[in-house]
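Engineer: no FASTA, just this:
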């Protein structure tokens, strides 16, 4: 029995070393594969029961482990859609059939047919559509995830909803009579100062607002806002429509505004713009506009995509405006090294890996998201070649064991002859 056991042990040893050489071969072949995690072969002995004066050779078995939790080196690129995770977690991707998987391979580019972000293996990056109110996410599953569709961001108009206007009104200006205040919309209307602001309606069209400031008495002013498109050519007054807003401004003895700090202006065919005027002053100097900013934009094409460390995907439009479109989540499991690796450098959860948790970058122990970077494989070629030499020698040694056992068995069989 010992000679047969010797043969069995030699075969088991060669099989074990073959497995090790196979993992080494995969590691070397994928040394430049983005996000690839090194595989290693672990050996375990199988010992048979032995008598006092005899020994039955056992065997050896192997198990393959994947260094999924071992971080690969970062390389930086010029593409904002190349993504890497620094720390724990995985991207959620789907195959063409919509089956979800996990991956660290973040070399995403825009697909010409669908507009989705796909990586080199053809898997589609998934995220939450902020415009649909799904940015909160689902903690323990893939619900509400949709493909990151770049084409869906095109030609978007943003109506104005807020702004800031700051100016100094001249304290020594003459008062305007009540009968000729701009709010009367009289052809003889008079005013102390005037400014115009560009805002945007729901379709992204420009609307020019004429804002008139008229001193009524010491510390009291009237603000009247008109749509410039309703003005009479060359004279403004009278306008073809009533003012969009009339509001009284009050100032204290130090020239600080004491009345309401906002002007809520309804934009024709648009939203109500909340204009912050809390920093307005009334001092003894000329009318001086200091700050005039309003949000919103005209309809424009996407010129670029920006992805923040928090996973927010922003569309950058040709007119310089930005809009949040998607948010990329990060998924993780308690034991990433127990995930099941599949073709395409993706992973599938198993009973050993533990339950899935979905969160956002830098939150709840998740890693941070880096745009314009890729995580390289964690394969060290020098180590792999060293292990290859060791495995080769061990394989040769086991083959010698088998050869010796075979020769001894032949000798035993020849005794009969």
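Structural biologist: On my side now, so go ahead. Just so you know, these numbers come straight off a predicted model, no measurement behind them.
Engineer: in this structure, what helix or strand scores lowest on average pLDDT?
Structural biologist: In the chain, no helix or strand scores lower on mean pLDDT, DSSP states H and E than strand 156-158, which sits at a mean of 77.
Engineer: the next helix or strand after it pairs with which strands?
Structural biologist: Once the chain leaves strand 156-158, the next helix or strand it forms, by DSSP states H and E, is strand 162-170. Taking DSSP bridges as the criterion, strand 162-170 forms sheet pairs with strand 272-276 (parallel), strand 281-283 (parallel), strand 288-294 (antiparallel).
Engineer: following element in sequence after the last one, please.
Structural biologist: Reading on from strand 288-294 to the C-terminus, the next helix or strand found by DSSP H and E is strand 297-300.
Engineer: show me what the helix or strand just after that following strand packs onto, helices and strands only.
Structural biologist: Remark: after strand 297-300, the chain's next helix or strand is strand 302-307, criterion DSSP H and E. With contacts taken as 3 or more C-beta pairs under 8 Å, 6 or more residues apart in numbering; DSSP states H and E, strand 302-307 sits against strand 312-317, strand 368-371. Bear in mind the C-beta positions are built from the backbone N, C-alpha and C, glycine included.
Engineer: report the contact partners of residue 246.
Structural biologist: Neighbour list for residue 246: 183, 222, 223, 224, 225 [criterion: C-beta atoms under 8 Å, 6 or more residues apart in numbering].
Engineer: report the secondary structure element holding it.
Structural biologist: Using DSSP H and E, residue 246 falls in strand 245-250.
Engineer: can you redo the helices and strands packed on strand 302-307 as CSV with mean pLDDT?
Structural biologist: As requested, these are exported to CSV (pLDDT from 0 to 100):
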stretch, mean pLDDT
strand 312-317, 86
strand 368-371, 93
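Engineer: nearest to residue 155, out of those?
Structural biologist: Proximity to residue 155 (C-beta to C-beta) singles out strand 312-317 among the helices and strands packed on strand 302-307, at 9.1 Å.
Engineer: and the closest one, what does it pack against?
Structural biologist: So strand 312-317, by 3+ C-beta pairs under 8 Å, 6+ apart, packs with strand 302-307, strand 322-327.
Engineer: highest mean neighbour count out of those?
Structural biologist: Among the helices and strands packed on strand 312-317, the stretch with the highest mean neighbour count (mean count of other C-beta atoms under 10 Å) is strand 322-327, at a mean of 20.
Engineer: strands paired with that one, and their directions?
Structural biologist: When DSSP bridges is applied, strand 322-327 pairs with strand 124-129 (antiparallel), strand 312-317 (antiparallel).
Engineer: from the chain's centroid, how far away is it?
Structural biologist: Here the centre of strand 322-327 is set off from its chain's centre by 9 Å, with C-alpha atoms, centre = their mean, to the nearest Å.
Engineer: the chain should start at 46 in everything you say after this.
Structural biologist: From this message on, residue numbering opens at 46, which makes the last subject strand 367-372.
Engineer: contact partners of that strand?
Structural biologist: So strand 367-372 is in contact with 172-176, 180, 182, 191, 193, 197-198, 201, 203, 351, 355-362, 405, going by C-beta under 8 Å, 6+ apart.
Engineer: which SS class is residue 255?
Structural biologist: strand (DSSP: H, G, I helix; E, B strand; the rest coil).
Engineer: next, the buried residues of the longest helix along the chain.
Structural biologist: Across the chain, the longest stretch assigned as helix under DSSP state H is helix 426-459. Going by neighbour count (16 or more other C-beta atoms under 10 Å), the buried part of helix 426-459 is 429, 432, 433, 436, 439, 440, 443, 446, 447, 450.
Engineer: quick one on the thing from earlier: so of the strands paired with strand 367-372, which one's packed in deepest?
Structural biologist: Per stretch, and counting mean count of other C-beta under 10 Å, the top mean among those goes to strand 169-174, which has a mean of 23.
Engineer: give the rounded mean pLDDT of it.
Structural biologist: Strand 169-174 carries an average pLDDT of 92.
Engineer: what angle sits between that strand and strand 347-352?
Structural biologist: 90 degrees (axes from the mean of the first three to the mean of the last three C-alpha atoms, to 10 degrees).
Engineer: can you pull up the bridge partners for residue 89?
Structural biologist: residue 106.
Engineer: touching, it and residue 103? I think so.
Structural biologist: No. The criterion here is C-beta atoms under 8 Å, and residue 89 misses it with residue 103 at 10.7 Å.
Engineer: excluding chain neighbours, what is closest to the residue nearest to the spatial centre of the chain?
Structural biologist: Computing the C-alpha centroid of the chain and ranking residues by C-alpha atoms, centre = their mean puts residue 356 first, at 2.6 Å. Nearest residue to residue 356, sequence neighbours excluded (C-beta to C-beta, 6 or more residues apart in numbering): residue 373, at 4.0 Å.
Engineer: swap in residue 308?
Structural biologist: Nearest one to residue 308, counting by C-beta to C-beta, 6+ apart, is residue 320 at 4.3 Å.
Engineer: can you count the residues close to residue 116?
Structural biologist: 17 (other C-beta atoms under 10 Å).
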